[in-house]
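1. Sequence first, then the predicted structure:
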Amino acid sequence: MKIIGITGTLGAGKGTIVEYLTTHHQFKHFSVRGYLTNIIKAQGKEVNRDSLTHTANALRAQNSPSFIAEELFKEAQASGTNCIIESIRTVGEVNALKAKGNFILLSVDAERQLRYDRILKRGSETDHVSFETFSENEDREMTSTDPNKQNLSACMQLADYSLLNNGTFDELYRQIDAVIKH
């Protein structure tokens, strides 16, 4: 059983990787976003990037920097099958999951303008933003000295494998297949 975590920049292809692994390699998907969305909706709040970030940061501050990822890891282990956890965003999450063993962290990135174009096309409820807002959101999530807050840059540096997704789906799929074979 493999448990893979995925980190990366906004619109880089995390969802595409998840879709490929679940469809072509029968991985089970566990989503931090889904976990948080359920909590936010149960509180009667609007789901947007700010509410997702606020809820995640609050849960981490109340429990531990790795709380959400560890909850999903427990579910993944209990499933007894290959799993992917999307999306790892704090150093505390990376360190806690790597300490458990049987965990691989993938990082994915692409050029910023290409990523912005992708989020406009996918049109999820948190993606209706200007390029300026997109850039500001990403810059805010790239670094933090607070272990409870997003630090994508540091997470990406801790990845076991780094994928670059500036090309075609097939190019990305070949990179994923190479990782899965290890």
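-> Ah, there it is. Numbers count the residues shown, from 1 in each chain.
2. Provide a list of residue ranges in this structure with pLDDT below threshold.
-> Scanning the chain for pLDDT under 70 picks out 125-127.
3. Would you mind giving the secondary structure of the nearest residue to Val129 once chain neighbours are set aside?
-> Computed as CB to CB, 6 or more residues apart in numbering, the closest residue to Val129 that is not its neighbour in sequence is Asn137, at 7.1 Å. Every C-beta, even on glycine, is put in place using the N, C-alpha and C of the backbone. On the three-state scheme (DSSP: H, G, I helix; E, B strand; the rest coil), Asn137 is labelled helix.
4. Tell me where this structure has strands.
-> Applying DSSP state E to the chain gives strands spanning 3-8, 28-31, 83-86, 103-109, 161-164.
5. Show me what the longest one is packed up against.
-> Identification of packing neighbours for strand 103-109 by 3 or more CB pairs under 8 Å, 6 or more residues apart in numbering; DSSP states H and E yields strand 3-8, helix 14-24, helix 91-99, helix 152-157, strand 161-164.
6. So the residue nearest to Val129 sits against Asn48, correct?
-> No. With contact defined as CB atoms under 8 Å, Asn137 does not count as touching Asn48 (10.6 Å).
7. which residues touch Ile6?
-> Counting by CB atoms under 8 Å, 6 or more residues apart in numbering, Ile6 touches Lys14, Ile17, Val18, Ile84, Ile85, Glu86, Ser87, Ile88, Leu105, Leu106, Ser107, Val108.
8. List buried residues within those.
-> Among these, those classed as buried by 16 or more other CB atoms under 10 Å are Lys14, Ile17, Val18, Ile84, Ile85, Glu86, Ser87, Ile88, Leu105, Leu106, Ser107, Val108.
9. Using TSV, please lay out those residues together with distance to Thr55.
-> Formatted as TSV, the buried ones among the contacts of Ile6 follow (distance: CB to CB, whole Å):
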residue	distance to Thr55
Lys14	19
Ile17	24
Val18	21
Ile84	22
Ile85	17
Glu86	16
Ser87	14
Ile88	16
Leu105	23
Leu106	24
Ser107	24
Val108	24
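10. Looking at these, spot the one nearest Phe30.
-> Of all the buried ones among the contacts of Ile6, Ile85 has the smallest distance to Phe30: 4.8 Å, by CB to CB.
11. thinking again about what came up before, next one: the residue nearest to Val129 from Ile119, what distance?
-> 10 Å (CB to CB, to the nearest Å).
12. joint contacts of those two?
-> Leu10, Val129.
13. Can you lay out the helices and strands packed on strand 103-109 as CSV showing distance to Ala178?
-> Shown next, in CSV, are those (distance: least, CB to CB, whole Å):
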stretch, distance to Ala178
strand 3-8, 13
helix 14-24, 13
helix 91-99, 21
helix 152-157, 18
strand 161-164, 8
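14. and Ser79, which of those is closest to it?
-> Here strand 3-8 is closest among the helices and strands packed on strand 103-109 (CB to CB), at 9.4 Å.
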